[in-house]
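A.B. asks: Pasting a predicted model and its sequence here:
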Amino acid sequence: MSLPRQLRDESDFDQLPHNIPISATIADIEEKKGFIDYFMFVIEVKTKGGSKYLIYRRYREFFNLHQVLEFRYSPENPDKRGPNTCILPSLPGKVFMGNKREIAESRIPELNTYMKRLLGLPTWLLLDEAIRMFFYQTDLDSQQQPRALRRLRPPTRKVKTVKPKMELFSAPRAEGTVNNQTGIFPLSFVKIIKPLPESDSEGESGGPTYSCLRCFLLTPSGVNTRDVCVQEDLTIQPTYKDLLSRMRKVFQMDNIAINYRDHEGDLIRILDDDDVQLMIRQSRDQQGKVKRPVNQFPWELHVSLASDLSVYNVEA
């Protein structure tokens, strides 16, 4: 069933900023090795001002965006915020079984249709911050190099980054953290001690950059230490399910529990996503007290047997 026609005034469209996205097309998919292996959709975005750039999004990011928009604008939501309502396009549903590459490939036509209809909705909705952030080219997007752009027509194969970003990343820069917020500092506020390498997104061999997670398997016979490499940014907040699944594969054991050590050194069992967020938050608070390689996560996992309660500091 097709969407009812929702017209937008051309004069309103003319008032939109030039950086508003007006079309988006999936150019390719790329497999990533994260806490679980997954596929990213490489999307070419075109703005009202004529700029073109690439963004990289997972299906879960499409799903999260759609949930936000339904909550804010769907006429079927009695608790929606704001006076405006809008009939949203349909998003292809989640698939829990099957080959991940085949699932990602099959979603491309549906997601292209979804983005086309979404960006064709009334202009006031295009100004929503959730939509603008979804289609915005982040620093991480601009640093990635596409392996191929199979689905783009030959004349559009060369996709350039927006000029201001090129100027930003060609100039000397420094990264720092203030109040747990990490970002780029202006040149006038820093002293260049050692120049950065030519490419931040590529290793010496030209391959993708990996982050390292240190994890420990605690058994009655001793401790087994592993360093797990993943193509995830150090700021990622993985789910409990993803971490548990990865640790089962790493240590080839099913009946396990995952834990972290709190600031007092006690082992705390992780049971859900809230516990994962607490672990990450506490590790960032302690980040300056522990010296780690720059590509290592500030948090560590301690894996124990699910039935072994002797590893916890409890009183009888």
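C.D. replies: Ah, there it is.
A.B. asks: Which helix or which strand is home to Ala24?
C.D. replies: Using DSSP states H and E, Ala24 falls within strand 21-33.
A.B. asks: Likewise for Val250?
C.D. replies: Secondary structure from DSSP H and E places Val250 in helix 240-251.
A.B. asks: Could you tell me the angle between the very next helix or strand once past that helix and helix 240-251?
C.D. replies: For helix 240-251, the following helix or strand on the C-terminal side (DSSP H and E) is strand 256-261. Using axes from the mean of the first three to the mean of the last three Cα atoms, to 10 degrees, one finds that strand 256-261 and helix 240-251 are set 110 degrees apart in direction.
A.B. asks: strands paired with strand 256-261, and their directions?
C.D. replies: strand 267-269 (antiparallel), strand 301-305 (antiparallel) (DSSP bridges).
A.B. asks: Go ahead and name everything in contact with whatever helix or strand comes next after the strand holding Ala24.
C.D. replies: Counting by DSSP H and E, the next helix or strand C-terminal to strand 21-33 is strand 37-47. For strand 37-47, the surrounding residues in contact (Cβ atoms under 8 Å, 6 or more residues apart in numbering) are 18-32, 52-59, 100-101, 104, 107-108, 111, 115, 135, 137, 146, 149, 152, 156, 159. The C-beta positions use only the backbone N, C-alpha and C, and glycine is treated the same way.
A.B. asks: From those residues, list the buried ones, please.
C.D. replies: 20-30, 53-57, 59, 104, 107-108, 111, 115, 135, 137, 146, 149, 152, 159 (16 or more other Cβ atoms under 10 Å).
A.B. asks: for the strands paired with strand 256-261, which one sits closest to Trp124?
C.D. replies: Closest to Trp124 of those is strand 301-305 (Cβ to Cβ; 45.0 Å).
A.B. asks: export that closest one as PDB, just CAs?
C.D. replies: In PDB, the C-alpha atoms belonging to strand 301-305 read as follows (Å, rounded to 0.1, in the frame of the first residue of the first chain):
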ATOM      1  CA  LEU A 301      36.200  -8.200  30.400                       C
ATOM      2  CA  HIS A 302      36.700 -11.000  33.000                       C
ATOM      3  CA  VAL A 303      35.100 -14.200  31.900                       C
ATOM      4  CA  SER A 304      34.200 -16.800  34.500                       C
ATOM      5  CA  LEU A 305      32.300 -20.100  34.500                       C
END
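A.B. asks: for that strand, what is the average pLDDT?
C.D. replies: When pLDDT is averaged over strand 301-305, the result is 95.
A.B. asks: With stretch 225-236 instead?
C.D. replies: Throughout stretch 225-236, pLDDT has a mean value of 87.
A.B. asks: Can you mark which positions in it are buried?
C.D. replies: Buried residues in stretch 225-236, counted by 16+ other Cβ under 10 Å: 228, 230-232.
A.B. asks: can you list contacts of it?
C.D. replies: Residues outside stretch 225-236 that contact it (Cβ under 8 Å, 6+ apart) are 32-35, 140, 182, 208-217, 238, 246, 250-251, 295, 297-298.
A.B. asks: Next, count neighbours for the nearest residue to Leu271 once chain neighbours are set aside.
C.D. replies: Of all residues not flanking Leu271 in the chain, Tyr240 sits nearest, at 7.2 Å (Cβ to Cβ, 6 or more residues apart in numbering). Tyr240 sits with 16 neighbouring residues when counted by other Cβ atoms under 10 Å.
A.B. asks: Pull out the C-alpha coordinates of the strand holding Ala24 and format them as CSV.
C.D. replies: Below are the C-alpha coordinates for strand 21-33, written out as CSV (Å, rounded to 0.1, in the frame of the first residue of the first chain):
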residue,chain,number,x,y,z
PRO,A,21,20.2,16.1,2.5
ILE,A,22,17.8,15.8,-0.4
SER,A,23,18.7,12.3,-1.6
ALA,A,24,20.6,9.2,-0.4
THR,A,25,21.5,6.0,-2.2
ILE,A,26,23.2,2.9,-1.0
ALA,A,27,26.5,2.5,-3.0
ASP,A,28,27.7,-0.7,-1.4
ILE,A,29,27.9,-2.9,1.7
GLU,A,30,31.0,-3.6,3.7
GLU,A,31,31.6,-6.3,6.2
LYS,A,32,33.0,-5.2,9.5
LYS,A,33,34.7,-7.4,12.2
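A.B. asks: picking that back up, tell me what the helix holding Val250 is packed against?
C.D. replies: Applying 3 or more Cβ pairs under 8 Å, 6 or more residues apart in numbering; DSSP states H and E, one finds that helix 240-251 makes contact with strand 211-219, strand 222-230, strand 256-261, helix 273-285, strand 301-305.
A.B. asks: and with 6 Å instead?
C.D. replies: strand 256-261 (3 or more Cβ pairs under 6 Å, 6 or more residues apart in numbering; DSSP states H and E).
A.B. asks: Alright, I will stop here.
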